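Engineer: Please find the sequence and the predicted model below.
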Amino acid sequence: MMGLQSSSGPDASPAIRVRGLAKRFEAVRAVDGVSFDLARGETLALLGGNGAGKTTTISMLLGLIIPSGGTIEVLGHDMATSRHLALARVNFQSPYVDLPRRLTVRQNLAVYARLYGVPDVAGRIAELARDLDLAGFLDRPAGQLSAGQKTRVGLAKALINTPEILFLDEPTASLDPDTADWVRSYLERYRSAHGAAILLASHNMHEVERLADRVLMMKGGRVVDEGPPAALIERYGRRTMEEVFLAIARGEPMPPLPEGDAAAQAGDGAPGGQAGRRAAV
Ligand SMILES: Nc1ncnc2c1ncn2[C@@H]1O[C@H](COP(=O)(O)OP(=O)(O)OP(=O)(O)O)[C@@H](O)[C@H]1O
């Protein structure tokens, strides 16, 4: 059986592979040559100030916006030609998407479960209601929920098809610190139980430090730096990701390159990389 899983087949591919991704809105280069991989089981945070190009990037990964250039592979499928094969196996959560307000939480989840072809709809809803503590408002119209309850329902919707890639936009928005912490632990458990990859957009740097294996810093539609949060904090000589974020957003002077890195990374056309950072900032 091993032989069937060739190293170039869909199962060996990263969760996401993006090369030279670009999107122009008339004169605005919203995304301008972005390349990165998201490994299976990895959590990658997409960071950047307002207008950096995060939402446009995620929208292209979800097939909601057609790129002006570049390629996207999701779970080994080219999004330009076979996006339907990829989209059935991913899902997303965003506080900016409202569920139909008159349908109850249970009805909403059932609609999404059927759209994704979930085999045991009632069973999956019961499971998520237990995991995300929805039981108290499962039969209430979605329009009558508090902001924090809506966030949890949004997560349940995002997990309904047990996705292999989860796109999260501010997953703990409007949650009190205790519930936010609990949701983060739940996401970590979900990721390890299912080997799922997570692409996270968040302005909460504490959340990023806690959840992300790696961070992509975007500015002006380009990736200006990348690395694990601890490595970025060390390289920038700061104490937290919040301070790193501010340093990059404000274009503060870069720290010196670590010994040996300059030669190794100069001219490196690989995703991100210090050469790109120098050029882009
Ligand atoms: N439909 C559109 N038409 C024209 N310009 C757009 C459109 N969508 C986004 N832009 C522009 O593209 C750039 C990137 O926007 P994007 O929403 O991707 O940024 P973002 O990093 O998600 O920002 P935020 O943190 O504010 O959500 C911005 O300059 C924005 O004004």
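Structural biologist: Yep, that arrived.
Engineer: just checking, next helix/strand downstream of the strand or helix carrying T56?
Structural biologist: Counting by DSSP states H and E, the element that carries T56 is helix 54-61. Downstream of helix 54-61, the first helix or strand assigned by DSSP H and E is strand 69-74.
Engineer: Give the rounded mean pLDDT of that next one.
Structural biologist: Here strand 69-74 scores 98 as its mean pLDDT.
Engineer: Counting neighbours, which bits of that strand end up buried?
Structural biologist: G70, I72, E73, V74 (16 or more other Cβ atoms under 10 Å). Yep, even glycine has a C-beta here, placed from its N, CA and C like the rest.
Engineer: Residues in contact with it: which ones?
Structural biologist: 13-22, 33-35, 60-61, 78-80, 83, 86-87, 90, 165 (Cβ atoms under 8 Å, 6 or more residues apart in numbering).
Engineer: mind listing which of those are in helices?
Structural biologist: M60, L61, R83, A86, L87 (DSSP state H).
Engineer: now the fourth one, nearest residue through space, not along the chain?
Structural biologist: Closest residue to A86 apart from its sequence neighbours, by Cβ to Cβ, 6 or more residues apart in numbering: V74 at 3.7 Å.
Engineer: All the helices of the chain, in order from the start?
Structural biologist: With DSSP H as the criterion, the chain has helices spanning 54-61, 83-87, 105-115, 121-131, 147-159, 177-194, 205-211, 229-235, 241-249, 261-265, 273-280.
Engineer: For the second one, enumerate the helices and strands it packs against.
Structural biologist: If contacts are counted by 3 or more Cβ pairs under 8 Å, 6 or more residues apart in numbering; DSSP states H and E, helix 83-87 sits against strand 69-74, strand 77-78.
Engineer: Strand partners (parallel or antiparallel) of the last one?
Structural biologist: The reference is to strand 77-78. strand 69-74 (antiparallel) (DSSP bridges).
Engineer: For this structure, which residues are neighbours of the ligand?
Structural biologist: F25, V28, A30, G48, N50, G51, A52, G53, K54, T55, T56 (Cβ under 6 Å from any ligand atom).
Engineer: just to revisit the earlier point, who wins for proximity to S192 among the helices and strands packed on helix 83-87?
Structural biologist: Checking the helices and strands packed on helix 83-87 against S192 by Cβ to Cβ gives strand 69-74 as the closest, at 21.2 Å.
Engineer: between the closest one and helix 54-61, how big is the angle?
Structural biologist: 70 degrees (axes from the mean of the first three to the mean of the last three Cα atoms, to 10 degrees).
Engineer: circling back: could the helices of the chain be laid out in JSON lines, adding mean neighbour count and mean pLDDT?
Structural biologist: JSON lines is the format used below for these (neighbours: other Cβ atoms under 10 Å; pLDDT from 0 to 100):
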{"stretch": "helix 54-61", "mean neighbour count": "23", "mean pLDDT": "94"}
{"stretch": "helix 83-87", "mean neighbour count": "17", "mean pLDDT": "92"}
{"stretch": "helix 105-115", "mean neighbour count": "19", "mean pLDDT": "97"}
{"stretch": "helix 121-131", "mean neighbour count": "17", "mean pLDDT": "96"}
{"stretch": "helix 147-159", "mean neighbour count": "21", "mean pLDDT": "92"}
{"stretch": "helix 177-194", "mean neighbour count": "15", "mean pLDDT": "92"}
{"stretch": "helix 205-211", "mean neighbour count": "20", "mean pLDDT": "93"}
{"stretch": "helix 229-235", "mean neighbour count": "17", "mean pLDDT": "94"}
{"stretch": "helix 241-249", "mean neighbour count": "20", "mean pLDDT": "90"}
{"stretch": "helix 261-265", "mean neighbour count": "13", "mean pLDDT": "46"}
{"stretch": "helix 273-280", "mean neighbour count": "18", "mean pLDDT": "38"}
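Engineer: nearest to P141, of those?
Structural biologist: Here helix 105-115 is closest among the helices of the chain (Cβ to Cβ), at 8.1 Å.
Engineer: Run through who's touching that closest one.
Structural biologist: 99-100, 103, 121, 124-125, 128, 134, 137-140, 142, 145, 153, 156-157, 160-161.
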